[in-house]
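>>> Mind folding the following:
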Amino acid sequence: MNKNSNTYQILYAAVMVLLVGTVLAFIYMALKPKQNENIANDTRKQILSALHIASPDDAQVKETYEKYVVQDLLVDHEGNIVDSAKNVAFDVPMKKNVKLPVAERQLPVLKSVMDDGSVKYVLPIYGAGLWGPIWGYIAVNDDGNTIYGANFSHEGETPGLGARITEQSFQDLFKGKHLFVDGQFKSVAVLKKGQKTTDGAEQIDAVTGATITSRGVSDMMADCLAPYEGFLKKLQSNGGTQCTAEATESETNDNQPE
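Below is the predicted model of the structure:
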């Protein structure tokens, strides 16, 4: 075949594209499990941060996570446990989940036991900032009311402004705040300094110069935590023991032969 002909050049280009595409696809598939594990470990670190557990070395992230996060739960909007299989809460795609009507959402709960034996429940949240998605984890005491810790992350907020939601000093403002006022669910509001809530909800000061991102955090918490009202009220009425009892029963039933 004439190497200077158009046919040869087209065939040559097609073969090279096919070869390069095949090699890239092989590399992608070979690296994908490692990439997925890195993403999972980053999520585990965020959850541990909400529990005020220092970020471990990469090689120990999973081990540390499994030490403290002892059970995954899915609950419905009435607070009933619907699943307690391993990783069932960890694997919920929050980006898609929050777009569903409340009654159709999967509500993940990560039950954690601390070194002192106290129990915390970590609830994932997801919303929108100024330039893109923001998300986080809220750890609640077993009284079903008091926030134990918070962790926030973002995709593209402005460094020094909206990106400051990831700073520990901002996240620590949520510790000790309450999600119920006089028995009514009232998500913690993030407002400009000097502003006051109109519904009696507890509040913290917004990040200076990042009004939209701060409002995004506030809206995200309200939208994502409100569906847990039934679950949190059950914790309040059962002293934090309802989850363990129901989950144990569920697991026992799951292990029965069909």
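>>> which residues touch stretch 51-71?
Contacts of stretch 51-71 with the rest of the structure, by CB atoms under 8 Å, 6 or more residues apart in numbering, involve 40-41, 44-45, 47-49, 84, 110-114, 120, 122, 139, 148-149, 243, 247. Placement of C-beta: from N, CA and C, glycine included.
>>> Which of the residues in that stretch are classified as buried?
By 16 or more other CB atoms under 10 Å, the buried positions in stretch 51-71 come out as L51, H52, I53, P56, V61, T64, Y65, Y68, V69, Q71.
>>> State the number of residues packed around K120.
Counted with other CB atoms under 10 Å, residues neighbouring K120 total 22.
>>> next one: the helix or strand where it lies to chain centre, how far?
Under the criterion of DSSP states H and E, K120 resides in strand 119-128. Computed by CA atoms, centre = their mean, to the nearest Å, the chain-centroid distance of strand 119-128 equals 5 Å.
>>> Quickly run through the sheet partners of it, with directions.
Applying DSSP bridges, strand 119-128 is found paired with strand 107-113 (antiparallel), strand 133-141 (antiparallel).
>>> re the thing from before, generate a PyMOL selection restricted to the buried subset of the contacts of stretch 51-71.
Here is the PyMOL selection string for the buried members of those, based on 16+ other CB under 10 Å:
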select buried, resi 40+41+44+45+47+48+49+84+110+111+112+120+122+139+148+149+243+247
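>>> show me where pLDDT drops low in the stretch 151-258 of the chain?
240-258 (pLDDT under 70).
>>> which residues of it fall in strands?
For the stretch 151-258 of the chain, the strands defined by DSSP state E, counting those that start in this stretch cover 180-181, 184-185, 189-191, 203-205.
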